[in-house]
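Student: need a 3D model of the sequence below.
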Amino acid sequence: MQSGQAVGTPFNDQYFSRLVSTTRPILGESIVRNLLGLLSKFFPIKEGRGKLSLDVGCGVGHVLKVLTEFGYDTYGTDISNYAVETARLIARDPNNVKVADATRLIPFNQRFDLITCFEVIEHVPAPPLLLFNCYSKLRAGGLLILSTPNALSPLTFLRGDPTHVNVHNLGYWKRLIRVLPNAKPRFFAVQYVPFLWKIEGKFRHFECPILGATLLLAIRDGNGNPHIRCRKP
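Tutor: Model prediction:
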């Protein structure tokens with residue numbers, strides 16, 4: 001879907017207004033900074049000058065704002081008209097933020113040095129399509145970062161979200177990523193510190209193998225041009 005909002009999508013203003021990361025944007029940005037900070041120990045994520053980034057499922061623009069501060073030329077896409085209209089208000093170039101269903105089409109011709117997809121893949125009925133579409137838009141040596149709830153964490157189901165239709169453990173995602181040619185993945189399970197964010201006004205995460213509430217999937221394109229051989233699932 002190149003434009004417009006999917007018929008019957010629940011991701012409208014009412015959906016986003018229920019999220020604390022939307023009502024208190026500094027909290028949403030702190031999640032992004034914290035997770036990217038953990039990964040920056042392994043990847044040069046904060047060195048964005050002269051690079052292109054794409055945030056898939058950009059929501060109201062927290063990732064776009066942070067990556068712009070890191071120096072990236074930022075792009076974003078989301079299935080929600082409301083989210084895109086809101087994200088355009090803070091984007092450096094509003095034309096770089098577009099409505100689309102990323103399981104069908106990523107609406108940019110560019111390839112990207114960094115693609116992020118935070119808390120999105122669990123919402124889609126066909127995770128392999130989203131994973132393939134994101135990976136195929138990487139430049140040679142580019143990095144794809146996804147986050148998703150961990151099915152093994154008790155917090156995942158305590159929080160609950162009826163729009164989460166594909167919540168899995170790390171083993172599932174590892175098997176799925178194996179089909180991506182020349183992918184070099186690293187996997188992390190992380191946990192935020194409960195209740196502390198209410199005092200400090202920001203989230204803190206730490207690595208918590210197996211039971212961490214959030215899985216981080218960092219996938220580097222390990223070949224010069226693997227996409228010629230990357231067949232759509």
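
Student: from now on I want contacts and neighbour counts done on CA atoms only, so please keep to that.
Tutor: OK.

Student: mind listing the helices for this structure?
Tutor: In the chain, the helices defined using DSSP state H lie at 13-17, 20-23, 25-39, 62-69, 81-88, 127-135, 154-159, 170-177, 196-200.

Student: which of those has the lowest average pLDDT?
Tutor: With a mean of 60, helix 20-23 has the lowest mean pLDDT of the helices of the chain.

Student: re earlier: of all the helices of the chain, which lies closest to residue 103?
Tutor: helix 127-135 (4.6 Å; CA to CA).

Student: quick check: angle from the closest one to helix 170-177?
Tutor: 60 degrees (axes from the mean of the first three to the mean of the last three CA atoms, to 10 degrees).

Student: contacting residues around helix 127-135?
Tutor: Surrounding helix 127-135, the residues in contact under the criterion CA atoms under 8 Å, 6 or more residues apart in numbering are 56, 102-106, 115, 121, 124, 144, 166, 176, 180, 221, 232-233.

Student: what's the most distant pair in those?
Tutor: Most distant of those, by CA to CA, are 166 and 221, 24.4 Å apart.

Student: neighbour count for the two, which is higher?
Tutor: Per other CA atoms under 10 Å, whichever of residue 166 and residue 221 has more neighbours is residue 221, with 24 against 16.

Student: low-confidence ranges in this protein?
Tutor: 1-9, 18-23, 224-233 (pLDDT under 70).

Student: strand partners of the lengthiest strand in it, parallel vs antiparallel please.
Tutor: The single longest strand within the chain, with elements called by DSSP state E, is strand 138-149. Using DSSP bridges, strand 138-149 pairs in its sheet with strand 112-118 (parallel), strand 214-221 (antiparallel).

Student: make a markdown table out of those and add distance to residue 63.
Tutor: Shown next, in a markdown table, are these (distance: least, CA to CA, whole Å):
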| stretch | distance to residue 63 |
| --- | --- |
| strand 112-118 | 8 |
| strand 214-221 | 15 |
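
Student: from residue 110, how far out is the residue sitting furthest away from the middle of the chain?
Tutor: The centre of the chain is farthest from one residue, residue 199, which by CA atoms, centre = their mean lies 26.3 Å away. Here residue 199 is placed at a distance of 42 Å from residue 110 (CA to CA, to the nearest Å).
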